[in-house]
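Chemist: One predicted model, sequence on top.
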Amino acid sequence: MKNRKYLILNGPNLGHIGERQPEIYGSQGLDSLPGLLKEILGEKAEGIELLFHQSNFEGNLIDRLEKAKREGLDGVAFNAGALTHTSLAIADCLAWIGVPCVEVHLSNIFARTDEPLRQKSLMGKSCIGCVAGFGILGYALAVLALEQRHAQG
Ligand code: DQA
C-alpha cells in the first residue's frame with residue numbers, strides 16, 4: 001500500500017495542547033502522537049505520514065482544507081475548537097472538498113452539560129465520525145479510523 005498522508009488540523013486555542021487547562025484538555029502534548037500511533041498500529045504506522053497545522057483563524061483553516069484537497073491527502077483529523085460549534089463556513093468547506101474528515105475533541109463535549117453550546121457541532125454532518133473525550137489519543141484513533149477506511153477502499 002502506498003504511503004498515506006493525514007493532516008492533523010487544529011483550530012483556535014489549540015496551539016498549546018498539554019498546557020491549556022490540563023484539567024479539561026489533558027496534559028499530553030501533540031508530540032506524543034507518533035508514539036501513540038505506533039502503539040496502536042504497530043508496523044503499519046511506518047506507512048503513515050502526518051502533517052500538522054494549527055491556526056487561530058477560520059479562513060486559514062479553510063485555506064488549509066482546500067490545500068488538503070489539492071494535495072490529495074488521504075484524510076484529516078480535525079479539532080476545530082470553538083469553531084466546531086459556530087462556523088458555518090468550515091462546515092460548508094467540509095461539505096464539498098471530499099477529503100475524509102474525522103472530528104476530534106480532547107474533552108467529551110457531550111458531557112459538558114454546563115455549556116450546552118459545546119454539545120453541538122455544525123461540521124459533524126460532513127465528517128465520517130467523531131472522537132471526543134480521550135485527549136491526544138483521539139487524534140490517533142481518528143487516524144486509525146481513516147486507515148481502516150482507506151484499507152477498505
Ligand atoms: C475542544 C472543545 C471546544 O468546545 C473548545 O472550544 C476547544 C477544544 C476540545 O478539544 O475538547 O477549544 O474542541
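Modeler: Received the coordinates, thanks. Numbering: from 1, shown residues only.
Chemist: what's the offset of the helix-or-strand element of the chain with minimal mean pLDDT from the middle of its chain?
Modeler: Ranking every helix and strand in the chain by mean pLDDT, DSSP states H and E puts helix 33-41 at the bottom, with a mean of 88. Computed by CA atoms, centre = their mean, to the nearest Å, the chain-centroid distance of helix 33-41 equals 15 Å.
Chemist: Let me see the mean pLDDT of stretch 60-69.
Modeler: On average, the pLDDT along stretch 60-69 is 98.
Chemist: residues making contact with it?
Modeler: 7, 9, 11, 53, 55, 76, 78, 80, 83, 89-90, 93-94, 97-99 (CB atoms under 8 Å, 6 or more residues apart in numbering). For glycine as for every other residue, the C-beta is placed from the backbone atoms N, C-alpha and C.
Chemist: For burial, what's the neighbour tally of Arg112?
Modeler: 16 (other CB atoms under 10 Å).
Chemist: Please, which helix or strand holds the residue in the chain sticking out farthest from the centre?
Modeler: Distance from the centre of the chain peaks at Asp114, with 24.0 Å (CA atoms, centre = their mean). Per DSSP states H and E: Asp114 is located in neither a helix nor a strand.
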